[in-house]
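>>> below are the sequence and a predicted model for it; my questions follow.
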Amino acid sequence: MERTPLPSTPEPVSRHSPPPLRDRLAELVLAGAVVILGVIMIWETRGIRVTPAYSKIGPRVIPYMVGAGLILVGLWLAAEVLAGRTATGAGDAEDADPTLPTDWRCVGGLTVALLVYLLLIERAGFVIASALLFFGSAFGMGSRRVARDAAAGILLAIAIYEIFTRGLGLRLPTGVLDGLL
């Protein structure tokens with residue numbers, strides 16, 4: 001009986017060999033995006049209105065800190081990549097296989113779900129936008145149980161809306177459900 005050889009898996013990148021150019025470029029793009037996000041956050045934070053009632057600490061402090069943190073993390077990641085140290089999966093991780101290629105369909109699905117959320121949060125309201133975000137994220141990650149995911153998204157969005165509006169007294173956009181919520 002003749003045995004067929006098992007397909008070979010690519011060897012993981014060692015710490016001493018430089019990572020492939022494709023991996024370095026992708027991580028540099030990610031680092032640049034994080035820096036740009038931090039800059040945008042700081043730029044937009046300037047538009048937060050501050051009343052004279054605030055002394056030294058006002059509503060701009062935390063967004064400035066988060067924006068600065070994003071810039072620092074992005075620059076740090078870029079420095080690590082340029083030094084030849086790209087991210088690698090842990091050898092003992094059960095859920096991560098660094099040898100597999102990026103699932104661009106999943107990344108694209110999540111990106112579309114987030115863009116739809118961005119476009120709908122003010123127009124359709126928090127509940128509808130959040131339910132669609134949950135459903136779109138589940139679909140983008142491979143779930144095809146449409147009824148279950150839609151029901152879970154709706155229930156989760158309503159629960160979070162109620163917690164924030166009634167429990168914490170925060171006002172979330174109601175959109176087209178203005179008279180119902």
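Thanks, I have the structure now.

>>> for the longest helix along the chain, packing partners?
Taking DSSP state H as the criterion, the chain has its longest helix at helix 21-45. Contacts defined by 3 or more Cβ pairs under 8 Å, 6 or more residues apart in numbering; DSSP states H and E place helix 21-45 against helix 61-82. Placement of C-beta: from N, CA and C, glycine included.

>>> helices or strands up against the helix it packs on?
Using 3+ Cβ pairs under 8 Å, 6+ apart, helix 61-82 is in contact with helix 21-45.

>>> circling back to that earlier point, go through the longest helix of the chain and flag the buried ones.
Going by neighbour count (16 or more other Cβ atoms under 10 Å), the buried part of helix 21-45 is 23, 27, 31, 34-35, 38, 41-42, 45.

>>> same check, this time on stretch 131-145
Quick answer for stretch 131-145 (16+ other Cβ under 10 Å): 131-140.

>>> looking at those residues, which are in helices?
131-140.

>>> re earlier: output the buried residues of helix 21-45 as a markdown table; include the columns distance to Asp178.
Below are the buried residues of helix 21-45 laid out as a markdown table (distance: Cβ to Cβ, whole Å):
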| residue | distance to Asp178 |
| --- | --- |
| Asp23 | 48 |
| Glu27 | 44 |
| Ala31 | 42 |
| Val34 | 36 |
| Val35 | 39 |
| Gly38 | 35 |
| Met41 | 29 |
| Ile42 | 33 |
| Thr45 | 29 |
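
>>> with distance to Val176 and pLDDT added, can I get the residues you listed in CSV?
Putting the buried residues of helix 21-45 into CSV (distance: Cβ to Cβ, whole Å; pLDDT from 0 to 100) gives the following:
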residue, distance to Val176, pLDDT
Asp23, 44, 70
Glu27, 41, 89
Ala31, 39, 93
Val34, 34, 95
Val35, 37, 96
Gly38, 34, 95
Met41, 29, 94
Ile42, 33, 95
Thr45, 30, 91
